[in-house]
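>>> got a predicted structure plus its sequence, pasted below:
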Amino acid sequence: MDWMQPMRIFVAVVQNGSLSSAGRQLGLSPASVSRHIGALEESLGCRLVNRTSRKLTLTEPGELYYAKVGEILQQIAEANNIVAELQAHPRGTLRVHSRVLVGHLHIVPLLPEFLARYPEVTVDLLMSNRVIDVVEQNIDVDIRIGKLVDSSLVARKLAASERIVCASPAYLQGRARLAEPSELAGHNCLTYRINVGRTVWRFLDGAGVLQEIPVQGNLTTDNGYALLTATLAGVGIALMPDWSVRDHLASGRLVRLLPEYRVSHIEFDNGIYAVFQKSRHMSAKVRTFIDYLVTAFEQHLG
């Protein structure tokens with residue numbers, strides 16, 4: 001920084017004992033060093049150095065200025081080293097926000113190994129279903145579902161995902177097979193609260209024909225865990241992300257319905273994304289955490 005250059009030159013002059021020696025250390029001519037010292041003295045309104053042909057001595061203001069400036073430059077150097085270390089090695093506090101269900105099912109289980117690998121990192125994990133302002137709330141990584149709208153941020157996809165209609169065998173027992181989306185009108189549909197008003201599930205068939213089906217039931221919630229628990233208990237039919245029910249489908253505790261349709265309650269991109277701020281100099285803790293998530297999600301959901 002330009003404002004620091006005269007300070008560094010002044011300190012070099014004092015430490016080397018002459019303008020010429022300071023100039024050799026800094027790669028400057030003695031005349032250039034002298035001009036910088038003169039400009040510094042002019043800006044301060046006092047003489048810092050008494051110069052003769054044989055030696056250089058500090059004035060009283062010069063001694064005080066040297067003591068303080070030396071401390072300042074040392075602190076700046078230490079600060080630069082600390083920042084460089086943060087950029088080079090994962091360390092410090094990592095603030096992470098996640099949607100609740102994906103956080104509980106897939107982010108929290110990954111944290112013990114990450115923290116064991118990088119003991120100098122502390123994770124501050126927040127979970128909610130609100131869309132948060134990453135910059136305002138100083139969030140390093142936000143785990144979101146669906147396409148990124150804010151172009152000032154960067155999104156890295158962790159896993160592709162789709163929503164599926166499912167129910168437990170207990171709920172389906174004694175009921176006719178669900179063949180068309182329109183037949184949902186006769187079922188108890190457990191819904192995720194998005195906003196006030198009716199809930200509509202959207203179905204896209206193989207020919208690209210879109211159907212919007214109003215659904216209703218005796219449970220509406222903004223908590224994915226509550227929806228999953230009620231579905232497993234046989235309360236009704238739910239629309240769930242595949243990553244939240246894959247183990248239950250494999251075990252037979254849930255059954256997928258209408259598999260020939262693509263389904264969504266809002267949009268058809270339901271992938272899991274790590275969202276973060278654009279930066280030419282991403283910190284090591286953020287870069288390492290995102291890389292760790294990408295690898296882990298590929299192993300568990302790929």
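That came through fine. Numbering: from 1, shown residues only.
>>> and the helices in the protein?
5-16, 19-26, 30-44, 60-88, 100-102, 111-117, 169-172, 224-232, 242-251, 284-301 (DSSP state H).
>>> buried residues of the longest one, list them for me.
Within helix 60-88, the residues that qualify as buried by neighbour count (16 or more other C-beta atoms under 10 Å) are 62, 65, 66, 69. Using the backbone N, CA and C atoms, a C-beta is placed for each residue, glycine as well.
>>> any chance of those in a markdown table, plus distance to residue 277 and pLDDT?
A markdown table is the format used below for the buried residues of helix 60-88 (distance: C-beta to C-beta, whole Å; pLDDT from 0 to 100):
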| residue | distance to residue 277 | pLDDT |
| --- | --- | --- |
| 62 | 45 | 86 |
| 65 | 40 | 88 |
| 66 | 41 | 87 |
| 69 | 35 | 87 |
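>>> got JSON lines for these, with distance to residue 41 too?
Converted to JSON lines, the buried residues of helix 60-88 look like this (distance: C-beta to C-beta, whole Å):
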{"residue": "62", "distance to residue 41": "9"}
{"residue": "65", "distance to residue 41": "10"}
{"residue": "66", "distance to residue 41": "13"}
{"residue": "69", "distance to residue 41": "13"}
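>>> what is the nearest of these to residue 28?
residue 69 (17.9 Å; C-beta to C-beta).
>>> residues in contact with stretch 13-21?
Under the criterion C-beta atoms under 8 Å, 6 or more residues apart in numbering, residues 22, 25, 30, 33-34, 37, 49, 51, 55-56, 58, 62, 66 lie in contact with stretch 13-21.
>>> what subset of these is buried?
For the contacts of stretch 13-21, buried by 16+ other C-beta under 10 Å: 22, 33, 34, 37, 49, 56, 58, 62, 66.
>>> farthest pair in those residues?
34 and 66 (17.1 Å).
>>> now tell me which helix or strand of the chain has the poorest mean pLDDT.
Least confident element among the helices and strands of the chain, by mean pLDDT, DSSP states H and E: helix 60-88 (a mean of 77).
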